[in-house]
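Asks: Next comes the sequence, and after it the predicted model I'd like to discuss.
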Amino acid sequence: MILTNPIYNYYEIYNEKLFDLLDEKKEKKAFAKGEKGDDCFIQDAVRMSFNCDLNSINPENYFAEFLERYENSKKMRTVRETDLNYSSSRSHAVVQIDITVKPTEASPARIGRINLVDLAGSEHVGRSGISEQLFNKNLNTEQMNQVKMTLAEGKNINLSLLTLSKCIQALASKSKHIPYRESMITRILGSSLGGNCRTTIIVCCSPSDIHLKQTKSSLFFGVSAMSISNAVCRNVMKLTATEWRIKYEKDIGEKMSMINSLRDTISDSEARVGRYKQQSENFKNIANEEKSKSWKNQEEKAKVMAEMQAEINWESITESETDCIVCWDKVKVNRSNTMTGCGHSGICDDCAAYGRKGYP
């Protein structure tokens, strides 16, 4: 996973005007239309980055620079003292952090944006003491201008919060028209409310009975926001020509290595098949040789027996001293007195005269 250094912006929405808090001059910024119908972006915004290594042992050290710049820019926010708050925020603040990651060098980049928003609290003119100062005749011109400025700030804060509430209600009811353009804060947070995003809203409430109405309205605001459902998908950037070339070269290299591996596997398989065939042929040859030897042995044996029988002169040994197979006397037997099928067993003349035939 390749993580590029995150880039962040820090804006202030004061009296429906956008100011860049990362700019030391705190100049007013304006929206510009993106190319090919893309979303609006802030023109000439100061964008800063900070080092980030998630594989480090102490990754929090890389955020120290970011936090230091954030605290320095936070001091440039517009605050004013009221009867309810010593340092009341008179503006909304938005921190945008853009993160780009790539699974591999040749993979398309995935981009994401984190919007950290600090909304100013709704302004109650009567409780903040502004209405009393507005009719105070003892104030000089400069003090009266300050009171009028505070009143205008509260009015713009309430209007922007009202527009934000209207957008959330329209999204919750799935209305066709969402009034994003009615306020600067909703224009910036349009993609965070109803776009490709996941949104978390933290509602600040007070347990005091004095702020019961504000607490109730804040809770209704949070309940409406909870009913919004967005379909989230990955933001994948389009590859440049160089990135496409790197991607295809890597893919081709992987495919070629796979092809070579398959070729080696096929060669090994063919070699094994050849060895198996050779072994089979050897076994067949050995079996044929053994079979031929067996036949040769039988033929030679039969030939030898035939030669032996041919060499024997049966007429010269018609009579010999052996056991008669009938009376079992060792006498001279006549070879001609043989039983059918037994040419080697004889009987004596006496047994032959009496007609006694023995059995082999």
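Replies: Structure received. No experiment lies behind these values; they were computed from the predicted model shown. Numbering: from 1, shown residues only.

Asks: where does the stretch 251-360 of the chain have low pLDDT?
Replies: By pLDDT under 70, the low-scoring segments of the stretch 251-360 of the chain are 295-296, 304, 307-350, 352-360.

Asks: Centroid-nearest residue for this protein?
Replies: Nearest to the mean C-alpha position of the chain, counting by CA atoms, centre = their mean, stands P103 at 9.9 Å.

Asks: Retrieve the pLDDT associated with that one.
Replies: Per-residue confidence for P103 comes out at a pLDDT of 73.

Asks: Please enumerate the helices of the stretch 201-350 of the chain.
Replies: When assigned using DSSP state H, counting those that start in this stretch, the helices of the stretch 201-350 of the chain occupy the ranges 212-226, 241-311, 349-353.

Asks: Let's have the ones you listed in a markdown table, adding distance to V125.
Replies: Glycine gets a C-beta too; all of them are placed from N, C-alpha and C. A markdown table is the format used below for the helices of the stretch 201-350 of the chain (distance: least, CB to CB, whole Å):
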| stretch | distance to V125 |
| --- | --- |
| helix 212-226 | 13 |
| helix 241-311 | 56 |
| helix 349-353 | 157 |
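
Asks: Using CSV, lay out these together with mean neighbour count and distance to S88.
Replies: As requested, the helices of the stretch 201-350 of the chain are exported to CSV (neighbours: other CB atoms under 10 Å; distance: least, CB to CB, whole Å):
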stretch, mean neighbour count, distance to S88
helix 212-226, 14, 14
helix 241-311, 10, 49
helix 349-353, 15, 151
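
Asks: now for those, which one comes closest to H124?
Replies: Go through the helices of the stretch 201-350 of the chain one by one with CB to CB and the one that ends up closest to H124 is helix 212-226, at 7.4 Å.

Asks: who does that closest one touch, helix- and strand-wise?
Replies: Helices and strands touching helix 212-226, as assessed by 3 or more CB pairs under 8 Å, 6 or more residues apart in numbering; DSSP states H and E, comprise helix 141-172.

Asks: Restricting to C-alpha, output whichever helix or strand comes after the helix it packs on in CSV.
Replies: Sequence-wise, the next helix or strand downstream of helix 141-172 (DSSP states H and E) is helix 184-188. Once non-C-alpha atoms are left out, helix 184-188 reads as follows in CSV (Å, rounded to 0.1, in the frame of the first residue of the first chain):
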residue,chain,number,x,y,z
MET,A,184,-21.9,28.7,1.6
ILE,A,185,-21.6,25.9,4.2
THR,A,186,-24.0,23.6,2.4
ARG,A,187,-22.3,24.3,-0.9
ILE,A,188,-19.0,23.1,0.5
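
Asks: What is the burial count for C167?
Replies: Look at C167: counted by other CB atoms under 10 Å, it has 26 neighbours.

Asks: try V95
Replies: A count of nearby residues for V95, using other CB under 10 Å, gives 19.

Asks: For R110, see how far away the residue nearest to the centre of the chain is.
Replies: 8 Å (CB to CB, to the nearest Å).

Asks: and if you look at V95?
Replies: To R110, V95 is 21 Å away according to CB to CB.

Asks: Same question for K174.
Replies: Taking CB to CB as the measure, K174 and R110 are separated by 29 Å.

Asks: These two: which has the busier surroundings?
Replies: A direct count of neighbours by other CB under 10 Å for K174 and R110 places R110 higher, at 14 against 11.

Asks: Can you pull the phi and psi angles for that one?
Replies: Torsion angles at R110 (phi, psi; degrees, to the nearest 10) stand at phi -110, psi 130.

Asks: cool, and the one 10 residues further on?
Replies: Backbone dihedrals for A120, given as degrees, to the nearest 10, come out at phi -70, psi 150.

Asks: To what extent is it buried, counted in neighbours?
Replies: As a burial measure, A120 scores 24 neighbours (other CB under 10 Å).

Asks: Is it in contact with R90, as I believe?
Replies: Yes: because the distance of 6.7 Å satisfies CB atoms under 8 Å, A120 is recorded as touching R90.

Asks: And the protein, what are its domain boundaries?
Replies: The chain breaks down by automatic domain parsing into domains covering 2-238, 239-312, 319-353.

Asks: re the thing from before, so what sits against both of A120 and R90?
Replies: I157 (CB atoms under 8 Å, 6 or more residues apart in numbering).

Asks: Please export the C-alpha coordinates of stretch 202-216 as PDB.
Replies: The C-alpha trace of stretch 202-216 is given here as PDB (Å, rounded to 0.1, in the frame of the first residue of the first chain):
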ATOM      1  CA  ILE A 202     -22.000  15.200  16.800                       C
ATOM      2  CA  VAL A 203     -24.800  17.200  18.400                       C
ATOM      3  CA  CYS A 204     -23.900  19.300  21.400                       C
ATOM      4  CA  CYS A 205     -26.800  19.500  24.000                       C
ATOM      5  CA  SER A 206     -27.200  21.100  27.300                       C
ATOM      6  CA  PRO A 207     -28.900  19.500  30.300                       C
ATOM      7  CA  SER A 208     -30.000  22.900  31.600                       C
ATOM      8  CA  ASP A 209     -33.700  23.800  31.500                       C
ATOM      9  CA  ILE A 210     -32.800  27.200  30.200                       C
ATOM     10  CA  HIS A 211     -31.700  25.800  26.900                       C
ATOM     11  CA  LEU A 212     -34.500  23.300  26.500                       C
ATOM     12  CA  LYS A 213     -35.800  24.600  23.100                       C
ATOM     13  CA  GLN A 214     -32.300  24.700  21.600                       C
ATOM     14  CA  THR A 215     -31.600  21.100  22.900                       C
ATOM     15  CA  LYS A 216     -34.900  19.900  21.500                       C
END
